[in-house]
Structure formats: C-alpha cells, structure tokens
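[1] Turn this into a model:
(chains A, B, C, D, E and F)
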Number of protein chains: 6
Amino acid sequence: MSIFKPIEEDEATGKVKEVFNDIKKVRKLESVPNFWKYIANDPETLDRTWKSMQQVMKKGALDEITKELIYVAVSVSNGCEYCIKSHSLAAMKKGATNEMLSEMIAVTGMANEANRLVEGYQVEIDEKFK
Amino acid sequence: MSIFKPIEEDEATGKVKEVFNDIKKVRKLESVPNFWKYIANDPETLDRTWKSMQQVMKKGALDEITKELIYVAVSVSNGCEYCIKSHSLAAMKKGATNEMLSEMIAVTGMANEANRLVEGYQVEIDEKFK
Amino acid sequence: MSIFKPIEEDEATGKVKEVFNDIKKVRKLESVPNFWKYIANDPETLDRTWKSMQQVMKKGALDEITKELIYVAVSVSNGCEYCIKSHSLAAMKKGATNEMLSEMIAVTGMANEANRLVEGYQVEIDEKFK
Amino acid sequence: MSIFKPIEEDEATGKVKEVFNDIKKVRKLESVPNFWKYIANDPETLDRTWKSMQQVMKKGALDEITKELIYVAVSVSNGCEYCIKSHSLAAMKKGATNEMLSEMIAVTGMANEANRLVEGYQVEIDEKFK
Amino acid sequence: MSIFKPIEEDEATGKVKEVFNDIKKVRKLESVPNFWKYIANDPETLDRTWKSMQQVMKKGALDEITKELIYVAVSVSNGCEYCIKSHSLAAMKKGATNEMLSEMIAVTGMANEANRLVEGYQVEIDEKFK
Amino acid sequence: MSIFKPIEEDEATGKVKEVFNDIKKVRKLESVPNFWKYIANDPETLDRTWKSMQQVMKKGALDEITKELIYVAVSVSNGCEYCIKSHSLAAMKKGATNEMLSEMIAVTGMANEANRLVEGYQVEIDEKFK
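    Predicted structure coming up:
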C-alpha cells in the first residue's frame, strides 16, 4: 500500500476537480485512473502533467500509436509495472496489435543488450559520426 | 581509449571476415562501423548480434523507422552516447525527420518523468488492470 | 517470496545480535526491520552497512530530512519499492511533510525528464562549464 | 558532436526568441545555456520545459538549494554529465557549499548501494509498511 | 496480471512446441518456466532468445556458476524481480552457495555506490588509462 | 572538467594522507588513482569507501577475479566509463583474460535484454518460485 492516499473523485475540489473532469472527458473514461488520483496530492503537478502529457502524446510528426509504443519501451527499460500495463492498454485501445507490442518489446530488449556491448567494449565514436 | 582493440577489416579472418562482408553488403557501407569491429573480439557475439539485429530491426508489424526510433528512445533512457548517435543517423537514413526525432525525445522525456511520479506516489494498480 | 530466509531476532547470535540490538536502540524501534534481517545472512555486510548508513545519514552540512529526501529521490529513480516506502516513512518520522515529499517527487520526475532531453539532443557542454 | 544543431540566439524567432529572452532575464544570464539552445529545435518542448522547470524548482515546502541537490542526486544516479555539472553549479550559485554537495553525493551512493541489497536479498515488505 | 497470455504447453505448435521440448530436455525440467511461455507470443523472439541464452551461458573461459552470478548481478542492478529469483535459483542448482550469492550482492551494491561517487565527483580519467 | 578539485598527494594531510599511503601500499601503486583523489574532498567518504572496497572485494567464497568481473558487469550496466576502464584493468592485473572479459560482457548484454523481455511481457512468477 502506498503511504499516499489517492484523492477520490468525490473529494476533489477546485483545480483538481477541473482536471479530473477534463481527463474523463478527453479520454472518454467513466472514472479517473489511479495515476491521476495519486498525483492529485500535488495539484500543480497534476495540472502540469496532464497538460504536458496531452501536448507530448498528441498526433504530430509521429502518430499516437507510435508514441504510445515509445512510451511503453521506455517504461519497460525502467521496469515501471504500472506504466507498462496502462500504456500497453492505451496503445491497444488506439489500435496497436499484439504483434506490434511484441516487436516493440523485442527492439527494447535488443537495444538494451547492444547498449551494454557498446559500454563493455568502450566503443570509440566512428570518425564519420564526429 | 578502450582497453580493447578493434579488429580492423584487414585483420579479419574466418567468421569475422564473413560477417564484416555481410554487414557492408546488407547495410551498403564502405567500411565496417566501430561497434562491429570492437565486438569482433568475440566472434560468437559478433555473429549472434548481427543475426539478431537483422531479425529484430527488419520491417514487420512495425516499420523500420519506428523500430529505429524505439531503439534510440531506449538508448537515450540508458544514456548510451554511441548508440544514440549511430541509431539517430540510421533512423534519418531510413527517412526519419528532425521533427520525428524531436517528438521521440519528448515522449522519452515524458515517460521517464511519469515513471518516477508513479514510483514516488507508489500508485496502486487500478482494479480494471488486474 | 525471497530465496533467502531473514535472520529472526531470536536466531541472531554474535555480531548479528549485537548489530540488531544497536539498531533497535539507536532507531528506537521495538523490532528489527526486514532489510536488516535479510542482509544479516552476510554478517560483514550487515555490520558495514549499518555503520555506513549511520555515518552517511547523520546531520552534517545537510540536515537529516534533506538526506532522507535525497535517499528517496534516488530510490524512486531506481524503482526500489521497499526503499521508497521505508525511507519515505523515515523522512516523515523526522518531520518531512506531505508537501515536502510531493515536491521531492516532482523534482525527481523533472530531473529524469530533463536528463533524457540532454541525452536525446546530445547537448554539448557549454564553454563556461569546461 | 550532436546530430542536432543548437538554435543560436541570433537565429531565434517567435516563441523561441521569447523564451530565450525570458531565460536570460529570470536567470540573470548574459547568454542562453546550450541545453535550451538544443531543445529549441522543438519549440513546444522548449516552452513547456522552461515553464515546468520554473514551477518545479521554485521555493515551496523545500528551499531552492534542496531542490537543486535532489536534481543533481537524480542526475548522478542516471550518469548525465551535462546535468550534473550544470545543476551542481546552479546549486553552488544558490548557496550550496562543497560540503553540502559532498554529502549529497555520499547519500546518493549509499541509496544506490542499499537499493541493490534490497533487490538482491528480495527483501519482503514489513507488515507495518503494508 | 499481464496483458499477455502465456502460451501453454498444450497450445504450443510448430516452432514454439519444438523450442518448448528442447528447453525441457536441455534443462531437465518437467514443465516450461513462465518466461518462455510468455515470450512464445513472439515465436521468433522465443527461438532467438533460447539459442542466444544457451550460447552465452554455456561454460567457456568462465564457468557456468560465474555466468549465472553475473546475470543475477545485472538483474539486481536493474531491479527485475523475476530474473533475480529464477537466476539465483539457477545459480544454486549449478552449485552456487548462499555465501557466493551474498558476496555477489555485496559487490553489486558496492559497484552501484562507487559508480555514483565517480559520477558525482565527475572523476577525470587517469592519464595512464588513456 | 570536474567542478571538484582532486586532492593531490602533496596536499594531503591527516586522515587523507593516511588513506592515500595505505592505498599505495596495499595496491602496490606508485601514485594514487584519480577516484581516490576526488572523493578525498570528503575525508569520511574516502576512509569509509576504502575500507568497504577492501572488505567487499577481498577473496572469500568468490575469488578476486570473479568479483572484479561482477563489478565491471554492474558498471557496464550503469554506463560508468571510469569504473569500466579502471576495474577492467584491475581484473586483467589479477589474471582475467580478454576471453573472460568478453564473456562477462556477453552475459551482461544478455541479462539486460532478457530483463526487458520479462518486464515487457509482465511475466508472472512461476508457482514453484513462490
């Protein structure tokens, strides 16, 4: 159990209530996910993170599925279970298939391996990269 | 300077020479990048990594650019300078634009931040994720 | 379940018993926390870690609350659940408020994000830092 | 060398120019540090990060020096050289002494060590933490 | 619960069945461990990982126990609970004692601490290492 | 360049001088490596780290070469260049061959990859491990 208490929807007031309502509306959810209820302990962080998340994850030069897959790849690399589960589901909701998730995991594994081969052998930067 | 010596192309024999030639042919390169020359100190690792890299990074449910971007996102998360540079260039060679790389970096930053908000607040898994 | 068995207080003898008693006395605890019971499998590590922990975490140029907050920030960054919980509680016992913990988490998130923006853009060191 | 080009001050226009001017004014700097010049490749990230950084790092329940020390502790844990240097200097500019930085590093080292003792021994959460 | 379903032995066909049988034969196991059943969602990754794991972990210049201990040390550093448990058990099955595991954990802790002292003090490379 | 100044041997006094002399005697070195000269900014950390390092790295259930290899594996995983170089050289000085170092790197890469496959697929702990 966390040492923090989540802010439940019926306890939310002011800025927190506003962000909670916005999350449900924008994400078309019936209830606010735990992530937002916990960080609501710090209303400024709630507000900032919600705005940043929307800006960063919106369709741009990369589509939303690709962004979710990159998000999960990083979370896998960091071993954040909650983030892996919630964003894998978000990716699937946006259309990612099991095959896409599997390939993302394979690339994440490969990169983690190769990163350490580079460090272990202390590979010098190629002249052409300088 | 590395405590390992890279295996130069004119020193390569047997399996190492074979893989070196294959890398240049498949990747259409005039010379073998340092990564492969260093891990050639261990011919089994060279051969295995070259085969694995091709299998994992080939077009599948995800296209090659997306895979390179995921690869860079992981390398950024791990702070592996050589891997960031070489695979950012590989992504661009395959068609990734500056905007795509910038958005990948933004998602990588955001995921790294949110992962720690989750850990810090010890967010409990939502009932619906269980 | 761990593959190691914790050394219970009534099993402790010699150096382990001595350290256990010291932990309870210094920390004003009625029982020894699991961390110390598990690392007691290696009495040298128990003794060394207990002495080091006291030396490092004692009031110095930084007060004890600040040190606990830094300790938690690192544990959050590494995703060590036990360490986050136990040292968040230790910080609160020493006087840290929810607001202080929340701000520490926000800084930890921000630093993790900015670290990756730096790596992703391969930011060169400013002349004045050299 | 980075594969990205920093946006120099005399090239900055619109939103980027505005943020650059704000950074110099708020931080009382004669020139914009490289971090901001590189992330200016993505004006949205520049603007968002500058606003977030100010919100997160401002005096609150924790003073500014403590926040900078936490920031450096995380950067040390992640091995981000640029971030370590620039925020160690920022901490000193705000009044942190060599002793404070040294103690922060000692705590960061200790936490990193103890985190792994916990993982290695797979320490179970104490009943009282649940 | 994972969002992926493990491939059970009685569901396995083709390449997956073949690898499952090989795992049980080579490792002298009565059932396939979960790791292999989950990654079997991606038959290419299953096959590649099984072959790589055998090649990398086989007795060479280093004996099998040493390799398992290195594997666990890395997993401890990354905080991967499943990997720590399964490979600690694998190490013990191959002859590692509690003392050996404990010393491996102590070294892992020490290296993690010293790595951060180096980063925090930004230790310059000694002339003789260049 | 570091923002800390190394304590040179001719500047060392008291406890620092004592530890410096002990390092040179025990390690049979003509000069003190930079690591120790930098952490000497904090004499307590210097003294504690030197004692801990000797205790942890001494021959026990594991021999000294194995301990150095584990140390390097962790440093490779964390990407600490100074630590990789200095402890790879220490391992070689104690008798480690290029083959041993190469196999250690291969295991480190493999573990880093497999750790992420486990996280990505959110592999459930096997009944028999519980």
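
[2] touching chain D at all, the one helix or strand A:Glu99 maps to?
    Taking DSSP states H and E as the criterion, A:Glu99 maps to helix A:98-121. No - figure legend: helix A:98-121 not in contact with chain D (CB under 8 Å from any CB of the partner chain); closest approach 10.4 Å. Using the backbone N, CA and C atoms, a C-beta is placed for each residue, glycine as well.

[3] could you give the mean pLDDT of that helix?
    The pLDDT scores in helix A:98-121 average 98.

[4] cool, and stretch A:75-91?
    Confidence for stretch A:75-91, expressed as mean pLDDT, is 97.

[5] touching chain D at all, it?
    No - contact between stretch A:75-91 and chain D is absent, the nearest approach being 10.4 Å (criterion: CB under 8 Å from any CB).

[6] Render the CA-only coordinates of that stretch in PDB, please.
    The C-alpha trace of stretch A:75-91 is given here as PDB (Å, rounded to 0.1, in the frame of the first residue of the first chain):
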ATOM      1  CA  SER A  75       8.800   2.100 -19.200                       C
ATOM      2  CA  VAL A  76       9.900  -1.400 -19.900                       C
ATOM      3  CA  SER A  77      13.500  -0.200 -19.800                       C
ATOM      4  CA  ASN A  78      12.800   1.400 -16.400                       C
ATOM      5  CA  GLY A  79      10.800  -1.500 -15.100                       C
ATOM      6  CA  CYS A  80       7.700   0.600 -14.200                       C
ATOM      7  CA  GLU A  81       5.000  -2.000 -13.900                       C
ATOM      8  CA  TYR A  82       2.000   0.400 -13.700                       C
ATOM      9  CA  CYS A  83       3.300   2.400 -16.600                       C
ATOM     10  CA  ILE A  84       3.900  -0.700 -18.800                       C
ATOM     11  CA  LYS A  85       0.400  -2.000 -18.100                       C
ATOM     12  CA  SER A  86      -1.500   1.200 -18.500                       C
ATOM     13  CA  HIS A  87       0.300   2.400 -21.600                       C
ATOM     14  CA  SER A  88       0.300  -1.000 -23.300                       C
ATOM     15  CA  LEU A  89      -3.500  -0.900 -22.900                       C
ATOM     16  CA  ALA A  90      -3.600   2.700 -24.100                       C
ATOM     17  CA  ALA A  91      -1.600   1.600 -27.200                       C
END
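
[7] From the chain's centre, how far out is that stretch? Work that out for me.
    Centre-to-centre, stretch A:75-91 and its host chain are 7 Å apart (CA atoms, centre = their mean, to the nearest Å).

[8] thinking again about what came up before, centre of the chain versus the helix holding A:Glu99, how much separation?
    With CA atoms, centre = their mean as the basis, helix A:98-121 stands 18 Å off its chain's centre.

[9] Pull up the gap between whichever residue of chain A sits closest to chain C and C:Met104, please.
    Using CB to the nearest CB, the single residue of chain A nearest to chain C is A:Asp42, 3.9 Å away. For A:Asp42, the distance to C:Met104 (CB to CB, to the nearest Å) stands at 10 Å.

[10] what does A:Ile125 give?
    A:Ile125 is 36 Å from C:Met104, by CB to CB.

[11] All set, thanks.
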